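J.: I would like to see how this sequence folds:
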Amino acid sequence: MPGPKRTLSIFNFSKLQLRFLKYCLGFFVPIILVYFVLEILALNIPINYKVVGNYLELHSKEIEVMALGTSQMKNAFNPALSQKNAINFGSTSQHHNEDFIILKETIDRLPKLKYVVMEVSANHLELPHHSNDYWKNTVYLNYYNVNAFERQITFKDRLVYLSNPRFYSRQLSDYYLYKNERPKLNKYGFDTDNYDGAFRDLNYDESKIATHKFRIVTREDLTIFKKNIAYLFEMLDYMKQQNLKVIICTVPLYKTYLNKRKPNVVRRRDSMLSVIKNKYDNVVLLNKETDTTLFTVKDFLNENHLNPDGAKKFTALANQKLDSFN
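T.: Now for the predicted structure:
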């Protein structure tokens, strides 16, 4: 009986089998090589996450303030204008579960961290958290060294292009092919020239903006609300245990957006903020969601995001709150 080595040897393959093997190699090897190139190119695009990750790595020993939240917080808090050394981890559609994991997995690298600036919009509390397989977890892993998968990491988890091919294909074409102008990111990853939005397109004309259509989430879900509130209290308990001072923010919204909010959703969120304020002596509120006096039309990118001028005002307000802790 022939030994296993002889039986499995490629030299024992028939001509048909060898032809099929060559065909497979000829088909898959170029695909793997192309993907490898796409992965390297994607990792080298100077996107916000990469800049924030670099800042984290280089300045971790100096950071005193961590900002967390969605794209609203990302656009509202400019660390360059903070009176204390700060980093802004805010990003599009980021929920409290990602915020909490980022905090827990970076806190040991931040020996001077004293303050957390976090967002609690009305939508936060009635939208479900992302799953452990959320595509952006690969981003957190590659750029922040944060494991938001909450399980053992696999090789696939580190592949950024594969995590969201549509997103990265667009980034690749914009950066390498069309040479589109990139966001003017400062060393903190904040876009200092982020004015190109719906409001500038409408020349900040309030009569035109009043009829402008925009997307707003008005979902109500009491089950999710209860679950998210419990999670938020868990976050706040952790920050209290870590002796962190916390600023809970509601970011300014333009008046047309304010008018479209669901009253019950806002009422439930506001009632919880009152409970939090009374329960935690390390928490202060920066409630600017409805401030249409300080924040005017020219401070907005669109209905629910500030531009850099609005961020200058908001960051100044955050500085005042930080000073109030001293």
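J.: Which secondary structure state does residue 286 sit in?
T.: Following DSSP: H, G, I helix; E, B strand; the rest coil, residue 286 is assigned to strand.
J.: Give me the neighbour count for it.
T.: Neighbourhood size, residue 286 [other Cβ atoms under 10 Å]: 18. Where C-beta positions appear, they are placed from N, C-alpha and C, glycine not excepted.
J.: Kindly report the same for residue 154.
T.: 9.
J.: show me what contacts residue 317?
T.: Residue 317 is in contact with 286, 288, counting by Cβ atoms under 8 Å, 6 or more residues apart in numbering.
J.: What's the per-residue pLDDT of it here?
T.: Reading off the confidence values, residue 317 has pLDDT 98.
J.: ok but it is inside a strand, no?
T.: No. Secondary structure of residue 317 (three-state DSSP): helix, not part of a strand.
J.: and it, how far is that from residue 216?
T.: 24 Å (Cβ to Cβ, to the nearest Å).
J.: now swap in residue 51 and tell me
T.: 30 Å.
J.: Mind giving me the packing neighbours of the helix or strand that contains residue 54?
T.: According to DSSP states H and E, residue 54 maps onto helix 48-59. Other elements packing on helix 48-59 under the criterion 3 or more Cβ pairs under 8 Å, 6 or more residues apart in numbering; DSSP states H and E are strand 86-88.
J.: helices or strands up against whatever helix or strand comes next after the strand it packs on?
T.: Downstream of strand 86-88, the next assigned helix or strand under DSSP H and E is helix 96-106. Where contact means 3+ Cβ pairs under 8 Å, 6+ apart, helix 96-106 is packed against strand 65-68, helix 222-241.
J.: Check those for me and report the most buried one.
T.: strand 65-68 (a mean of 25; mean count of other Cβ atoms under 10 Å).
J.: List the neighbouring strands of it plus their orientation.
T.: Strands that pair with strand 65-68, judged by DSSP bridges, come out as strand 86-88 (parallel), strand 115-119 (parallel).
J.: now that strand, how far from the centre of its chain.
T.: Relative to the mean C-alpha coordinate of its chain, strand 65-68 is positioned 12 Å out (Cα atoms, centre = their mean, to the nearest Å).
J.: Now do the strands in the chain.
T.: Applying DSSP state E to the chain gives strands spanning 65-68, 86-88, 115-119, 245-250, 283-287, 300-302, 305-306.
J.: Pipe those strands into JSON lines and attach mean pLDDT and distance to residue 234 per row.
T.: As requested, those are exported to JSON lines (pLDDT from 0 to 100; distance: least, Cβ to Cβ, whole Å):
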{"stretch": "strand 65-68", "mean pLDDT": "98", "distance to residue 234": "15"}
{"stretch": "strand 86-88", "mean pLDDT": "98", "distance to residue 234": "23"}
{"stretch": "strand 115-119", "mean pLDDT": "98", "distance to residue 234": "13"}
{"stretch": "strand 245-250", "mean pLDDT": "98", "distance to residue 234": "13"}
{"stretch": "strand 283-287", "mean pLDDT": "98", "distance to residue 234": "14"}
{"stretch": "strand 300-302", "mean pLDDT": "98", "distance to residue 234": "32"}
{"stretch": "strand 305-306", "mean pLDDT": "98", "distance to residue 234": "28"}
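J.: need the ones you listed in JSON lines with distance to residue 223, can you?
T.: Converted to JSON lines, the strands of the chain look like this (distance: least, Cβ to Cβ, whole Å):
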{"stretch": "strand 65-68", "distance to residue 223": "24"}
{"stretch": "strand 86-88", "distance to residue 223": "31"}
{"stretch": "strand 115-119", "distance to residue 223": "22"}
{"stretch": "strand 245-250", "distance to residue 223": "23"}
{"stretch": "strand 283-287", "distance to residue 223": "25"}
{"stretch": "strand 300-302", "distance to residue 223": "31"}
{"stretch": "strand 305-306", "distance to residue 223": "29"}
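J.: out of those, nearest to residue 194?
T.: strand 300-302 (6.3 Å; Cβ to Cβ).
J.: shaky segments in the stretch 51-200 of the chain?
T.: Counting by pLDDT under 70, the stretch 51-200 of the chain contains no low-confidence residues.
J.: Would you map the helices across it?
T.: 71-76, 96-106, 136-139, 160-163, 165-172, 198-201 (DSSP state H, counting those that start in this stretch).
J.: what sits against the closest residue to residue 185 other than its chain neighbours?
T.: Nearest non-adjacent residue to residue 185, counting by Cβ to Cβ, 6 or more residues apart in numbering: residue 51, 5.0 Å away. When contacts are counted by Cβ under 8 Å, 6+ apart, residue 51 touches 185, 187, 188, 189.
J.: wait, the second one sits on residue 56?
T.: No. Under the criterion of Cβ atoms under 8 Å, residue 187 lies out of contact with residue 56, with a separation of 11.4 Å.
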